[in-house]
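[1] 3D model of this:
(2 chains)
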Amino acid sequence: MNDAVEPLVVVENLVFDYPGRRALADVSISVKRGTITALVGPNGAGKTTLLNCIAALALPAAGHIRVDGIDVHEAPREVHTRMGYLADFFGLYAELSVKRCLDYRARALGIPAERRAGAIGRAAERLGISDRLRERTGTLSRGLRQRLAIAQAIIHEPPLVLLDEPAAGLDPAARLSLSAVFRELQAQGMTLVVSSHILAELQDYSTHMLVIDEGRVVEHRPVGDAASPGGRRAVRVRIAAADARFAETMRAIDPTATLEEDGLEARVTVPGDAAGDAELLRRLVEIGLAVVEFGPAGEGLQDAYLALLRRNGDAA
Amino acid sequence: MNAELLRNFWLELTPSRLLLAPVVIAAILLVVWYSNDRSATEVTLTARFIFYVLVLLWGTRRAANALSDEVATGTWDAQRMTALGPWSMAWGKFVGGTIYVWYSALLALAIGVIMDPAPLTALDRFAGIFGPILTGMAAMLASYFVVLLHLRRPRGSGRRTSLLAQLAGIVVGLVGWNIDVQLTAPIEDFVGPGSVDWYGYAFHETAVVLATQALLTFWLGFGVYRVMCGELQKPTWPWGWPAASLFIIAYLLGFMLPLEPGRPTTLALVPAAVVSVVLLYAALLGDGKDGIKLRWFMRSLASGDFGRTARLFPTWLFSILLATVTVMALAIVGPDDPRTALTDFYREFLGRTEWNIRSHVAWAAAMILFMARDTVLVLYLSMATRTRAPDVAAIVLLATAYGVLPLLLAFVGLDWLLAIVVPWPFAHPAVTLAGPFVTLLPLLWLLMGRWRALAPRPA
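    Next up is the predicted model:
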């Protein structure tokens, strides 16, 4: 298997129903290795149902899911050794110490005795709870409980981690710290799928956006600085003084380019590689415009999501 | 070591608790010893009583809570995400969750066995130890099993489920306790065991009782394992319930076969039909009856996805087929032999003699129709979105239909209407057959309405 090419998660034609309602309608997606996918959508869109199906916690009406090449509904135990899952409403054993909670999870995931202590230490270290190992879980704050739950989910260092509303109920500082944890997990080679309503927080670390609405995949694409499907991306250009040629040039490059009212700043879509950027900059400088800022437009997840909802609303 | 077992050890077996149980039990037994003129018999009886109280009241509660607490506190999904297989999860949770009860109860039982002054045979002594242990295991497994069965329902598990599960365990335990007391009664009160014939072989009564308890425990454990497979999404083929059903029928038939010369073959079919009908109602109440899953089952079957079909196979579907086959067999074999056991049944139990072969066949057909009607009724209630306890509603309605209404009709002299509410062989065959249709057809219409309402609407 070629890890660089083969997606880690492949979902094919997934169907799931609730009484009188189709929660997932022929959902097909693939999640690349080493990415962080923000799973977003309105309440009741099917996000948690999709995560439950990928985690082999629920058998769908139809369709197949493979994680690391294994059919999750044929070999759920095997898949669970390659996957961590933090459910929306998770529980912890309040009477056990943090260390025993991690020890239990390590044993339950089949980590051999000789590797167990190391796995507990690394998970605690990653989540910053090494100094709490002797404390009873029931005495921990909400943020620390969240960290412990994530530590339990990743103790076996799985290639895939599913997180359903991981930052719910956390204060801003704890959220920020959680974002750093997710980026670190990604840097260590894990693939994350994170469902959350807090788009600003997802924006900090997501590489991809998967939008689900009414059980259907509305969009699944890279976000932020990464190129969108078709290899194009947004660039923001600012000049020192207003000049009519600025608008003409930008619209010549991209007819949908948008300009600020003062005529000093514009957003334009260019081919998503360095050559595209260089070509745009060369043309602006050649006509004598004083370019003071040039860079990615940095389309936020929230912007993208809202734009998508607007588009869908218009289409409807 | 099994991770689930170890986790329970951490929670249950603290040094203070380990010390507390023997101290309390010893204190109670010492009081009994001194207040009964140092009677070893009284100590034995009290120790055994403590054992049963612990396993029946506390053990069944712990067995039920071993799972329902996990669901309530939100740790169950995390457990399902581990690499623990169904067998490890099932026994680790069962033994682990009840380990302190076993520790306490076995201490009491050990004292009871050691102090027992009765001159028992080796087999009786064996029964005195393993009978109570099997009773305790069966009672706790029954509680555990009921909670697991409830997890498969759309409404899941809750406090009421735990209570219901505990009651089921207590009922199983009380039956076992009664049998154990018979087997271990003091020698002067004991009638003495006889032999029991099973498929023509004679067995010691005590051995048969112990074997029956062991088999009940085995099948309950097997049921727990199979339902746990479903909970952990392990792919299985639906042979568990059919195997258990056929085993129960074959095991019970062993006490009747071989038939004495001249006895009709129907005699063997009667218990087979009765047991298969009872098993149908057990399956109907035990099955998840999730309307959505039933729709998926039909969809998988239609699309040829037999792996998914097998996983979604409703247990009651096999049972209704089995019950139909055995009742039909009774109808077919019965007319061939006018001296069937049913003659005795009709005459002795119902006090009637005016039956004939046509009414017998019509009665069997009506019985199948009534089973179909009851299946439709249970499914209809289960597919309601608002009914909080559809099974309780079904039990109440069925008890009214088969218990209260016939008595009421008989009381007011409307016997001729009995065929409408129960399978009744003494009406005209047309009336016997028309009876179940009167309720089956409207119920079927109502069920179709709910079935259609379950269909996913386009977004």
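[2] so which bits of the stretch 51-200 of chain B are right by chain A?
    B:70, B:73-85, B:154 (Cβ under 8 Å from any Cβ of the partner chain). (C-beta placed from N, C-alpha, C; glycine too.)
[3] 6 Å - rerun?
    Within the stretch 51-200 of chain B, the residues that sit near chain A (Cβ under 6 Å from any Cβ of the partner chain) are B:Thr73, B:Gly74, B:Thr75, B:Asp77, B:Arg80, B:Met81, B:Thr82, B:Ala83, B:Leu84, B:Gly85.
[4] narrow those residues to those that are buried.
    Applying 16 or more other Cβ atoms under 10 Å in any protein chain shown to those, the neighbour count classes B:Thr75, B:Asp77, B:Arg80, B:Met81, B:Thr82, B:Ala83, B:Leu84 as buried.
[5] ok, those residues vs B:Leu167, which is closest?
    For these, the residue nearest B:Leu167 by Cβ to Cβ is B:Thr75; the value is 25.1 Å.
[6] got JSON lines for the residues of the stretch 51-200 of chain B next to chain A, with pLDDT and secondary structure too?
    Shown next, in JSON lines, are those (pLDDT from 0 to 100; DSSP: H, G, I helix; E, B strand; the rest coil):
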{"residue": "B:Thr73", "pLDDT": "88", "secondary structure": "helix"}
{"residue": "B:Gly74", "pLDDT": "87", "secondary structure": "coil"}
{"residue": "B:Thr75", "pLDDT": "91", "secondary structure": "coil"}
{"residue": "B:Asp77", "pLDDT": "90", "secondary structure": "helix"}
{"residue": "B:Arg80", "pLDDT": "91", "secondary structure": "helix"}
{"residue": "B:Met81", "pLDDT": "91", "secondary structure": "coil"}
{"residue": "B:Thr82", "pLDDT": "91", "secondary structure": "coil"}
{"residue": "B:Ala83", "pLDDT": "90", "secondary structure": "coil"}
{"residue": "B:Leu84", "pLDDT": "91", "secondary structure": "coil"}
{"residue": "B:Gly85", "pLDDT": "92", "secondary structure": "coil"}
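[7] which one of these is nearest B:Leu284?
    Nearest member of those to B:Leu284, counting by Cβ to Cβ, is B:Arg80, at 26.7 Å.
[8] before we move on, back to that, for the buried ones among the residues of the stretch 51-200 of chain B next to chain A, which two are the farthest from each other?
    Taking Cβ to Cβ, no two of these sit farther apart than B:Thr75 and B:Ala83, at 16.1 Å.
[9] part of a helix, is B:Pro238?
    No - under DSSP: H, G, I helix; E, B strand; the rest coil, B:Pro238 sits outside any helix and is assigned coil.
[10] neighbours of it, how many?
    Neighbour count for B:Pro238, taken as other Cβ atoms under 10 Å in any protein chain shown: 17.
[11] against chain A, how distant is it?
    14 Å (Cβ to the nearest Cβ, to the nearest Å).
[12] which residue sits closest to the residue of chain A found nearest chain B, ignoring its sequence neighbours?
    Of all residues in chain A, A:Gly91 sits closest to chain B, at 3.1 Å by Cβ to the nearest Cβ. Counting by Cβ to Cβ, 6 or more residues apart in numbering or on different chains, B:Gly74 is the residue found nearest to A:Gly91 once chain neighbours are left out, at 3.1 Å.
[13] tell me which element the most centrally placed residue in chain B falls in.
    By Cα atoms, centre = their mean, the mean C-alpha position of chain B lies nearest to B:Ala282, the distance being 6.6 Å. Using DSSP states H and E, the element containing B:Ala282 is helix B:266-286.
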